[in-house]
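J.: Here you go, sequence then predicted model.
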Amino acid sequence: MVYFFNIILVSLISLRYIKYAGLSDSGLGIAYQFISLIGHFSFVCAMVFGVLLFPLAFLIPIQRLYRFFAISISTVAVTFLIVDTQIFRLYDFHLTPLIWQFLQRPEQVEQIYSINLHYISIPIIFAIEFAISFFAWRKGRQIQAKGIGKPIAIFLFSAFVITHLTYIWADATQYRPITQQKSMYPLSYPMTARTFLKKQGWLTEDNFAQDVASQQGQSTASLSYPKQPLSYNSNQADKNILLISIEALRADVLNKSNMPFTYALSQKGLNFTRHFSGSSNRSQGLYSLFYALPNRYWHEITLNYVPPVLISRLQQQSYQLGLFSSIGFVHPEFLQSSFSNIDPALLQAKNHSGTNSDITRGWLEWIKQQNNQQPWFSFVHYQQTGDALTLNENNFSLAQRSEKMSEYQYQVLNIDHKIKLLVEELADSEKLQNTIVVITGANGASFEKASSAQATINNAHVPLIILWPDQQPANITRMTSHVDIVPTLMEGALGVENDSKQYSDGQSLFNHTPRPYLLSGDMNKYVIYQEDKITQFNNDGHISSITWQGITLNENDIDTTLLIDVLTKLRRFND
């Protein structure tokens, strides 16, 4: 009986999640919000009862003492829930060990202090739990005699099952009003079965691609991107843009031996020597390249097929688009995000584009068809083939590591030759003088264990070379990021008048204003690059800092204010 009353209490408190997240934009989505709330928290309450309170009844034979412990455990659990709702309101995610550490040092951050004020609710919650326990003890037998327990249990269990079955359907059909609710409630892990459905033949790649395509152009009001409508000056955009990205391109391979042509090119243009991708992996690295946003928004972007302002502006200016990728374009970083406002049939047709050599030949044919009457934008993505990138996933001998590194360097040299063909074609056709050429890595590569200091330092460190008409060659040594590339193109070539903070997390590369840090990482962790150190914090709450030499720093050197600033920035486009 106490269990059922606590479900009511917890469900009422959890209505705050719906309040802060907002109602779904469909009737089915709204129904799912409330049914999943009841089903999820009835299951969580059952786990607390089954794992803690039920075994405790056998260990504490004294009824009053058992009731005291049960009331105390329930009070703590409900208090954590209240604190979590406030954290969800402030930062749009849930209580983690990382946030718990912040709560222990509220004097540094005023917002955290406001969260701690919720602890004054502890005596109130204790009193409510005591009243529930007392009422259940006095009236429990009378209520049980009415036989309402079984129907309630069936209803709660049904809500739990319906929640997961509905999410399986929504995930398979990409029904966004439901799939975007995946992280609304704490400890929520909705069931998916896409792989099982494919094995049974109930879901095919073509059907799934059609479901993806049907979502094109739809977005959610919860994502405020850009922050305000963008305005542009009246100058006609006339510069061509060639954006070349290379998978897993280490910054230190930009040298005379590994990339001789690209290295020589870097001496003729703008060479950013301390440049970092927005992520340590390819998908989010490409995402940061086109959106100039932190990885925090990856799921909202891909679930809602929100196009980047860069591509929207290019289309508005009637740029001819030439897209070439040796991995195709059905990946989320392309189909569901970067090129989500482009005809899906065109992207599907480019899905099997072939090797790096194939797309180079395709680009050379395409560029010959372009004239000087209309500007064009071309994106070329080269992948690292073979298994050289598995070097950081296994324990190899020194000889094996040397062999793998040689294979990687050979691939980089081969890609350098492809870049040479592209740039020389522009020069021979006299298009280079009116073309902005951007060459960078989608992500870096360390060839060390993912948990190592070298991986933290190098997995996002990539080259950046820009050939910009009328710009003098220069080596830029200040820290820059992928999130700076979109503002640079928007301001320097596409005429945007808004401040870059309205549509990105970066600033123009021609803006020399120093920043306190750069942000990178992946979906499981964030990495903060500063001049003197690198701080990493995981979703599980682990925080660590190292110097640029890989020396681990003391926990007392971790700046809580900096981390809160990062967390605040991670929800800036949700306000």
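T.: That came through fine. These numbers were taken from a predicted model, which means no experiment stands behind them. Numbering: from 1, shown residues only.
J.: And the strands in the stretch 151-300 of the chain, which stretches?
T.: 240-246, 270-276 (DSSP state E, counting those that start in this stretch).
J.: ditto for the chain
T.: Under the criterion DSSP state E, the chain contains strands at 240-246, 270-276, 320-325, 376-382, 435-441, 461-467, 474-476, 480-481, 518-521, 525-529, 534-538, 543-546.
J.: can I get those in a markdown table with mean pLDDT?
T.: Formatted as a markdown table, those follow (pLDDT from 0 to 100):
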| stretch | mean pLDDT |
| --- | --- |
| strand 240-246 | 97 |
| strand 270-276 | 97 |
| strand 320-325 | 93 |
| strand 376-382 | 96 |
| strand 435-441 | 97 |
| strand 461-467 | 97 |
| strand 474-476 | 96 |
| strand 480-481 | 97 |
| strand 518-521 | 92 |
| strand 525-529 | 91 |
| strand 534-538 | 86 |
| strand 543-546 | 86 |
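J.: Those strands: which one's closest to Trp202?
T.: strand 320-325 (30.0 Å; Cβ to Cβ). Bear in mind the C-beta positions are built from the backbone N, C-alpha and C, glycine included.
J.: before we move on, back to that, relative to Phe160, which of the strands of the chain is closest?
T.: strand 534-538 (29.4 Å).
J.: Surely Tyr319 touches Gln370?
T.: No - with contacts counted by Cβ atoms under 8 Å, Tyr319 stays clear of Gln370, the gap being 10.6 Å.
J.: can the strands of the chain go into JSON lines with extra columns for distance to Ser224?
T.: Below are the strands of the chain laid out as JSON lines (distance: least, Cβ to Cβ, whole Å):
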{"stretch": "strand 240-246", "distance to Ser224": "26"}
{"stretch": "strand 270-276", "distance to Ser224": "26"}
{"stretch": "strand 320-325", "distance to Ser224": "27"}
{"stretch": "strand 376-382", "distance to Ser224": "26"}
{"stretch": "strand 435-441", "distance to Ser224": "27"}
{"stretch": "strand 461-467", "distance to Ser224": "29"}
{"stretch": "strand 474-476", "distance to Ser224": "32"}
{"stretch": "strand 480-481", "distance to Ser224": "21"}
{"stretch": "strand 518-521", "distance to Ser224": "19"}
{"stretch": "strand 525-529", "distance to Ser224": "21"}
{"stretch": "strand 534-538", "distance to Ser224": "25"}
{"stretch": "strand 543-546", "distance to Ser224": "29"}
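J.: Turn those into TSV, including distance to Ile122 and mean neighbour count.
T.: Output for those, formatted as TSV (distance: least, Cβ to Cβ, whole Å; neighbours: other Cβ atoms under 10 Å):
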stretch	distance to Ile122	mean neighbour count
strand 240-246	52	23
strand 270-276	44	22
strand 320-325	55	19
strand 376-382	54	24
strand 435-441	51	23
strand 461-467	47	24
strand 474-476	54	13
strand 480-481	43	24
strand 518-521	35	25
strand 525-529	32	21
strand 534-538	28	20
strand 543-546	27	18
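J.: okay, the closest residue in space to Ser520 that isn't next to it in sequence: pLDDT?
T.: Leaving aside its sequence neighbours, Ser520 sits nearest to Ala460 (Cβ to Cβ, 6 or more residues apart in numbering; 4.1 Å). With respect to pLDDT, Ala460 scores 93.
J.: All further residue positions should be reported with the first residue as 39.
T.: Fine by me, first position is 39 from now on; the one you just mentioned is Ala498.
J.: what's Ala498 in contact with, if anything?
T.: 314-318, 323, 481-482, 558-559, 565, 567 (Cβ atoms under 8 Å, 6 or more residues apart in numbering).
J.: rerun that using 10 Å as the cut-off
T.: 289, 313-319, 323, 326, 479, 481-484, 519-520, 556-560, 565, 567, 572 (Cβ atoms under 10 Å, 6 or more residues apart in numbering).
J.: Also Glu167?
T.: Glu167 neighbours (Cβ under 10 Å, 6+ apart): 40, 43-44, 47, 105, 108-113, 115-116.
J.: How about Ala286?
T.: By Cβ under 10 Å, 6+ apart, the neighbours of Ala286 are 318-320, 323, 421-422, 426-427, 430, 446, 449-450, 479-485, 497, 500.
J.: just to revisit the earlier point, so which of the strands of the stretch 189-338 of the chain is nearest Leu470?
T.: Of all the strands of the stretch 189-338 of the chain, strand 278-284 comes closest under Cβ to Cβ, at 9.1 Å.
J.: burial of Asp508, as a residue count?
T.: 5 (other Cβ atoms under 10 Å).
J.: Might one say that it is in contact with Gln471?
T.: Yes - between Asp508 and Gln471 there is a contact at 9.3 Å, judged by Cβ atoms under 10 Å.
J.: what separates the residue nearest to Ser112 when sequence neighbours are not counted from Phe43, distance-wise?
T.: Using Cβ to Cβ, 6+ apart and skipping residues adjacent in sequence, the residue nearest Ser112 is Glu167, 4.8 Å away. Counting by Cβ to Cβ, to the nearest Å, the gap from Glu167 to Phe43 is 9 Å.
J.: low-confidence ranges in the stretch 189-338 of the chain?
T.: 241-260 (pLDDT under 70).
J.: What are the boundaries of the helices in it?
T.: 214-217, 232-237, 243-252, 298-304, 320-329, 336-342 (DSSP state H, counting those that start in this stretch).
J.: so how far is the top helix by length along the chain from its chain's centroid?
T.: Looking across the chain with DSSP state H, the single longest helix is helix 436-466. Relative to its parent chain, helix 436-466 has a centroid offset of 29 Å by Cα atoms, centre = their mean, to the nearest Å.
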